[in-house]
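Chemist: When you get a sec, could you give me coordinates for this:
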Amino acid sequence: AARRRRRRGAEDAWQAAVRTAARIADEAGEIAVERVAHRPQRGELARAGGGDAGENIANDAYLVPADRAEDFRSRVLAAAEGQEGVRVEVTGPWAPYSFALPPEPAAHRETA
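Modeler: Predicted structure coming up:
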């Protein structure tokens, strides 16, 4: 019974984190002009901000107009407020390398 309660508690926490991540994505999407979902970090990288070990469930990059950066940060953090066991980190601004496209292969380029 104790194992079942722990498993149910872990599942409930996971579902709450997933709902929070979706709420954050909705809020961020109202301000950002682009979004890239990166692979969630594992191990030490998931603890980059310090604190206890946990599971990284979202690792998104948002392209945000400079004049909306503080509004973006406030809204994202507010979307996670009061969610026990959920930690949200907003970093940046960063260079927009997440939104750069790789060059087309030579076979697909038109020649002039």
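Chemist: which secondary element of this structure has the worst mean pLDDT?
Modeler: helix 2-29 (a mean of 87; mean pLDDT, DSSP states H and E).
Chemist: Which SSE is immediately downstream of that one?
Modeler: Per DSSP states H and E, the first helix or strand lying C-terminal to helix 2-29 is strand 34-37.
Chemist: Can you give me the buried ones in whichever helix or strand comes after that next one?
Modeler: Next helix or strand after strand 34-37 toward the C-terminus (DSSP H and E): strand 60-63. Neighbour-count burial for strand 60-63 flags 60, 61, 62 (criterion: 16 or more other C-beta atoms under 10 Å). Every residue, glycine included, has its C-beta placed from N, CA and C.
Chemist: In TSV, list these along with pLDDT.
Modeler: TSV is the format used below for the buried residues of strand 60-63 (pLDDT from 0 to 100):
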residue	pLDDT
60	92
61	92
62	94
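Chemist: and which of the residues you listed is nearest residue 96?
Modeler: Within these, proximity to residue 96 (C-beta to C-beta) peaks at residue 61, which comes in at 8.4 Å.
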